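1. whatever this is, show me its structure:
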Amino acid sequence: MKEQRQKKIDEQLEKKNNCCQVVLNAFCEDFGLSPETMLPLASGFGGGMCLGEKCGAVTAMIMIAGLAYGPFNGADAKKKNELKGIVKNLNDRFEETFGSSQCRTLLGNIGQGKYDLSRTKEQGKRPCAIFMEKACDILEQELGL
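-> Next comes the predicted model:
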């Protein structure tokens, strides 16, 4: 991952921002957007949309894919299908690594010791940092950001 992106992640983690906010903030400048605008937008998507559903880091990946491949006219079936494929690929890559993209499942797996959190603990980060960092890695690799 790019060093400047890791720095942004670490800064947002220190501020106790949620997974969606952390990942979205890491890419704001790539699209000329300010964190002051984007972070409030992402505030309700942490904790799986506050419901334990889709992980906020994955939700941010989807938002960023929309920024990268949109805007598009809703009637443009080709663009819609292209974006659907990109979103599916991003989600699949995340799930290949962690076995799920559902927040409550991911947190349960942390509790059961299913992930190697040694680096995260060593750096004093909360366990979810592994999801945020992986989401950023996936976006860099898949979207060339």
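2. which helices and strands does the helix or strand containing T37 pack with?
-> Using DSSP states H and E, the element containing T37 is helix 35-42. Counting contacts by 3 or more Cβ pairs under 8 Å, 6 or more residues apart in numbering; DSSP states H and E, helix 35-42 packs against helix 19-27, helix 56-69. Yep, even glycine has a C-beta here, placed from its N, CA and C like the rest.
3. now the end-to-end length of stretch 20-34.
-> End-to-end distance for stretch 20-34: 15 Å, by Cα to Cα, to the nearest Å.
4. cool, and stretch 39-57?
-> Per Cα to Cα, stretch 39-57 runs 13 Å from first to last residue.
5. can you check stretch 5-23 too?
-> With Cα to Cα as the measure, stretch 5-23 spans 9 Å from end to end.
6. run the chain-centre distance for that stretch.
-> Distance of stretch 5-23 from the chain centroid (Cα atoms, centre = their mean, to the nearest Å) equals 10 Å.
7. quick one: average pLDDT of that stretch?
-> For stretch 5-23, mean pLDDT rounds to 92.
8. most tightly packed of the helices and strands packed on helix 35-42?
-> Burial of those is given as mean neighbour count (mean count of other Cβ atoms under 10 Å); helix 19-27 ranks first at a mean of 28.
9. can you give the distance of that one from its chain's centre?
-> Averaged C-alpha coordinates place helix 19-27 at 6 Å from its chain's average position (Cα atoms, centre = their mean).
10. mind picking out the helix or strand in the chain with the poorest mean pLDDT?
-> For the chain, the helix or strand with the lowest mean confidence is helix 118-122, at a mean of 83 (criterion: mean pLDDT, DSSP states H and E).
11. buried residues in it, which are they?
-> Using 16 or more other Cβ atoms under 10 Å as the burial criterion, the residues of helix 118-122 that qualify are T120.
12. now do M1, the pLDDT please.
-> Reported pLDDT for M1: 68.
13. follow-up on the earlier one: other SSEs contacting the least confident helix or strand of the chain?
-> By 3+ Cβ pairs under 8 Å, 6+ apart, helix 118-122 packs against no helix or strand.
14. only C-alpha atoms, please: export it in PDB.
-> Extracted in PDB, the C-alpha atoms of helix 118-122 (Å, rounded to 0.1, in the frame of the first residue of the first chain):
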ATOM      1  CA  SER A 118      -0.200  -9.900  15.500                       C
ATOM      2  CA  ARG A 119       0.900  -6.900  13.500                       C
ATOM      3  CA  THR A 120      -2.300  -5.000  14.300                       C
ATOM      4  CA  LYS A 121      -1.900  -5.600  18.000                       C
ATOM      5  CA  GLU A 122       1.900  -4.800  17.800                       C
END
